[in-house]
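In: Fold the following for me, if possible:
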Amino acid sequence: QTFRIIMSNYGQMQDNAPALPPHVRGTATGVGDGSKRVFLWRKVQTRSVFLSWMLFLATVVILLVVHLYPIIGYPWSTCAAGMWSWCVLAFHVFWLPIAAYVLYVWWWGIKYLTTRTAIQYRERVRYLIVVLTVTFGVETLVLANTDNSELREVLTLLALLVVIFTGAFTAILLVRAINEWAALDSRVLHPRSVAEVQEIVRKARRVGKTLRVRGSGHSESRAITGVDDDNVLVMSLDRFTGAVGRIGPRIAVFRGGTHLGHDPEDPLSTPENSALQKLWEEGYGLPDLGGITHQSVAGFMSTGSAGGSFKHDLGDAIMAVQLVDGQGRVRVLARNNDVLQAFRQQWPVEDAGVDEPIVAPEGEFFATVASVGLLGVITHVAFELNERFAIRGNNGNYQLEEKQQLHDHPVFQQRAGDESDMKVPEDASNMRRFFMTKDYARVLWWPQHGVHRFTLWDAERLVGELPRTKPSENFPSIGCCGTTPVQAGVSCFYKCVHMCGPTYNSCQACCIRQVIKVFTIPNEPGDEHQGDYHIVLPMDNTTSDELVPTSFIEAWFALDQLEDVLSAMHEHFENDHSMERTGSYSVEMYVAKESPFWMSASYKRHSFRVDIFWFDNECGDRDKFFNSFFALFDRFKPRYHLGKVLPQSPLNDHRGQSRQRFLELRRQFDPDDVFLTQYWRDKLIGPAAADDDEEELKQSR
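Out: Numbering: from 1, shown residues only. Just a heads-up that it's a prediction; the model follows:
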């Protein structure tokens, strides 16, 4: 039914506009992929039905057989005679939750699987793979200790292992099928060239549709498509990827859809075709990276994302941008005229037949970063390259004493770097000195009453040395299974916790505190990490978005406000025994170098950043939790990361005059508001100005 509605909407769009040319129709609009998508959905359904009923029948038969043997007088030899009752109890404690979850997945797949719930179903199947893997290991150990058992027991265990293996293998194939189906979402347009991007923009403009570009989906969903999904066309550049050339030896040009690193949610993305891996193999790198590198190069710069460094910024490496504006015209913007001339001479427009691009004035380039897709579709990004480098540092947990201010903890002074080349103010706290003197650093603070711990992650660049890579891990690794089993356990814990929240009774709060303490045991000076920068710096890459789905607000303050902001947070968290204000998650803190880009949250000021996390599920009041921090931070006039959760009120004072310059340029690039959703109209323009703009647009039309 969902597929039929989508295709009928597409048919209405075709009726009101000239048809796209053949070279676009099969690739860009999704029509060419429509039959394949139907085929893939049928494959998903087939595998789901097979997996569901196989597990159901196997579970029922196994439970009957296991209990039938003792009933007819053949007790299992696995349990010794003297400990038979306790052994049977232990097996029931282990097996009953597994059987219950298997039956839950069976019921969910049969009853609730639709195109709307496929991604939720995929998460449950991934849990199932972990459960079956653990079960397979346990039953293998049982089979290995059946030397004196009868043949019927050995055969039963072998049959059980075959069923478990078949179920896990089928579940893996099912997850792959869902991934392939999701990648061919018929609502998403997939251009393969600049010419196709132009055609899509012009068509959306003609029929009055809003067009938005989706990268890896790492941003808040409303920031990508807004809230009026019915009037929004979504474009993905996942078919428009790769490096396309050089401007001299040190500036590389990438297509906008190229992922920085490997995106595990994109079937087309691999470590080998990522921008960072290609540059590393050629001996080059970029100055800084965020905690995650799943994003596309265009998506990362469009949201104004940044790593955690006072000294380095990826924005410094962006030298030129090519985009398609709201009228379907190609525009080239560069940091300076020298780069602009080199860009145009050595690397002309990639597609034959595309009109000569409009060359923007020099200063307009600084509107491109953090433009959240409002200027146009970014098709190419040029980066200035560094020599590749490695990093080394530590990741340790520390205890914060009761009433002790986090920014005054002595460990920051002990771990601070060399201040000789840095202008560190005399009145700066230990934490501010630490952030200003380290190449890369972040702090995770657990402010819950009775916990008061923090995790300190830092790293320094290594000169002329490339040691064996040993990245840090946010979760303990369990052999060949990696961190997935632990993440699955954490996910189950937080889901149960949030069913009780957002305030907890004393027993629940005590349980949460004990679990947090298990993962944050003080271990000064911590574990060492080292190796290739593009592997070690993205310390959150191994955290699964499916198992640990997280949304957050990211507030950027002036760096000299660090002490005042943390003091206000200490006061806010004080005596919060029910965790209503602290929540059950951590708070992340890091810094950013000042930026020349108009819409960057660090525009013309070094910034101290605070991330307030929320575990995403359907329980609890996320908005209420975040609103308490928006109110707390309001007196400091922070700037918020545009790709994360934003305050409900318009961002009128967010970036001052630079915001006005950006909005004026946006009207030039997109006079018909092809890229402007109601969400961004409310956030950046405001209701009053939006009404005036709407009236002016109606009159012009």
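
In: and Arg212, which of the three is it?
Out: Arg212 falls in the strand class when you classify it by DSSP: H, G, I helix; E, B strand; the rest coil.

In: Any idea what it is bridged to?
Out: Counting by DSSP bridges, Arg212 is bridged to Val234.

In: correct me, but it touches Ile224?
Out: Yes - counting by Cβ atoms under 8 Å, Ile224 is a contact partner of Arg212 at 5.8 Å. Yep, even glycine has a C-beta here, placed from its N, CA and C like the rest.

In: anything in contact with each of these two?
Out: Taking Cβ atoms under 8 Å, 6 or more residues apart in numbering as the criterion, Arg212 and Ile224 both touch Val234, Gly373.

In: after the strand or helix carrying Asn397, next one along is what?
Out: Per DSSP states H and E: Asn397 is located in strand 390-399. Helices and strands here follow DSSP H and E; after strand 390-399, the next one along the chain is helix 410-415.

In: what packs against that next one?
Out: Helices and strands touching helix 410-415, by 3 or more Cβ pairs under 8 Å, 6 or more residues apart in numbering; DSSP states H and E, are helix 430-437, strand 453-462.

In: quick one: which of the ones you listed is nearest Ala334?
Out: strand 453-462 (27.9 Å; Cβ to Cβ).

In: What helices and strands are in contact with the closest one?
Out: Packing partners of strand 453-462 (3+ Cβ pairs under 8 Å, 6+ apart): strand 390-399, helix 410-415, strand 440-446.

In: which one of those lies closest to Phe365?
Out: strand 440-446 (26.6 Å).

In: quick one: contacts of the closest one?
Out: Counting by Cβ under 8 Å, 6+ apart, 288, 291, 307-309, 312, 391, 393, 406, 431, 434-435, 452-460, 516, 520, 537, 539, 586-591 sit against strand 440-446.

In: at 7 Å instead, please
Out: The contact list for strand 440-446, computed with Cβ atoms under 7 Å, 6 or more residues apart in numbering, reads 307-309, 391, 406, 434-435, 453-459, 516, 520, 537, 586-590.

In: Can you select the buried ones among these for me in PyMOL?
Out: This is the PyMOL syntax for the buried subset of the contacts of strand 440-446, where burial follows 16 or more other Cβ atoms under 10 Å:
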select buried, resi 307+308+309+391+406+434+435+453+454+455+456+457+458+459+516+520+537+586+587+588+589+590
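
In: need the helices and strands packed on strand 453-462 in CSV with distance to Gly376 and mean pLDDT, can you?
Out: Output for the helices and strands packed on strand 453-462, formatted as CSV (distance: least, Cβ to Cβ, whole Å; pLDDT from 0 to 100):
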stretch, distance to Gly376, mean pLDDT
strand 390-399, 35, 94
helix 410-415, 43, 93
strand 440-446, 32, 96
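
In: ok, back up a step: can you lay out the helices and strands packed on helix 410-415 as a markdown table showing mean pLDDT?
Out: Converted to a markdown table, the helices and strands packed on helix 410-415 look like this (pLDDT from 0 to 100):
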| stretch | mean pLDDT |
| --- | --- |
| helix 430-437 | 95 |
| strand 453-462 | 95 |
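
In: pretty sure Trp556 is touching Ala601, no?
Out: Yes - taking Cβ atoms under 7 Å as the definition, Trp556 is a contact partner of Ala601 at 3.8 Å.

In: Quick check: neighbours shared by those two?
Out: Residues touching both Trp556 and Ala601 (Cβ under 7 Å, 6+ apart): Ser607, Arg639, His641.

In: Now Phe343. Nearest residue, chain neighbours left out?
Out: Ala320 (4.7 Å; Cβ to Cβ, 6 or more residues apart in numbering).

In: likewise Leu211?
Out: Nearest non-adjacent residue to Leu211 (Cβ to Cβ, 6+ apart): Ala204, at 4.2 Å.

In: residue contacts, that neighbour?
Out: Leu211, Leu233, Val674.

In: So which of those residues sits lowest on pLDDT?
Out: In terms of pLDDT, the lowest of these is Leu233, showing 89.

In: Tell me who's in contact with that one.
Out: Leu189, Ala204, Lys209, Thr210, Leu211.

In: Also Gln327?
Out: Contacts of Gln327 by Cβ under 7 Å, 6+ apart are Arg205.

In: Look up how far Gln413 lies from it.
Out: Separation of Gln327 from Gln413 (Cβ to Cβ, to the nearest Å) stands at 56 Å.

In: Can you give the distance of the host helix or strand of Ile535 from its chain's centre?
Out: Here Ile535, judged by DSSP H and E, is contained in helix 533-536. Chain-centre distance of helix 533-536: 17 Å, with Cα atoms, centre = their mean, to the nearest Å.
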